[in-house]
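Chemist: kindly generate the corresponding structure for this input.
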Amino acid sequence: MNWQETSNGLYRRLEFKDFNAAFAFMIRVAEVAERRGHHPTWTNTWNVVEIWLTTHDEGGVTDKDRELAAQIDSVVQ
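Modeler: Numbering: from 1, shown residues only. Next up is the predicted model:
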């Protein structure tokens, strides 16, 4: 798993071949996140997507975050 646990939650940086590939990835993740009712904090600059996962109402990283991270990993592959 390419996730790092930071003070802001689970973090991952992904680099794609171009903006279209990065945006297509974000759309796929958005569909997964919406089904789970658990949404990432993320940024996108051209071909780079950065993601932070945390369960704010529980004060940090929980199994919900780890499960969503695993699903995001499956979208990447």
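Chemist: quick one: mean pLDDT over stretch 29-37.
Modeler: What stretch 29-37 shows for mean pLDDT is 95.
Chemist: go on, stretch 55-73?
Modeler: 90.
Chemist: shouldn't residue 5 be within a strand?
Modeler: Yes. Per DSSP: H, G, I helix; E, B strand; the rest coil, residue 5 lies within a strand segment.
Chemist: count the neighbours of it for me.
Modeler: 14 (other C-beta atoms under 10 Å). From N, CA and C alone the C-beta is placed, and that goes for glycine too.
Chemist: separation between it and residue 49?
Modeler: In this view, residue 5 and residue 49 are 18 Å apart by C-beta to C-beta, to the nearest Å.
Chemist: quick one, longest helix in the protein?
Modeler: Using DSSP state H, we find that the single longest helix of the chain is helix 19-36.
Chemist: state the distance from residue 7 to residue 45.
Modeler: As defined by C-beta to C-beta, residue 7 lies at a distance of 22 Å from residue 45.
Chemist: specify the local secondary structure of the residue positioned nearest the centre of the chain.
Modeler: By C-alpha atoms, centre = their mean, the chain has its centre lying nearest to residue 51, at 4.2 Å. Of the three states, residue 51 takes strand according to three-state DSSP.
Chemist: next, the residue lying closest to residue 23 once chain neighbours are set aside: phi, psi?
Modeler: With C-beta to C-beta, 6 or more residues apart in numbering as the criterion, residue 23 has its nearest non-adjacent residue at 6.9 Å, and that residue is residue 44. The phi/psi pair for residue 44 (degrees, to the nearest 10) reads phi -140, psi 120.
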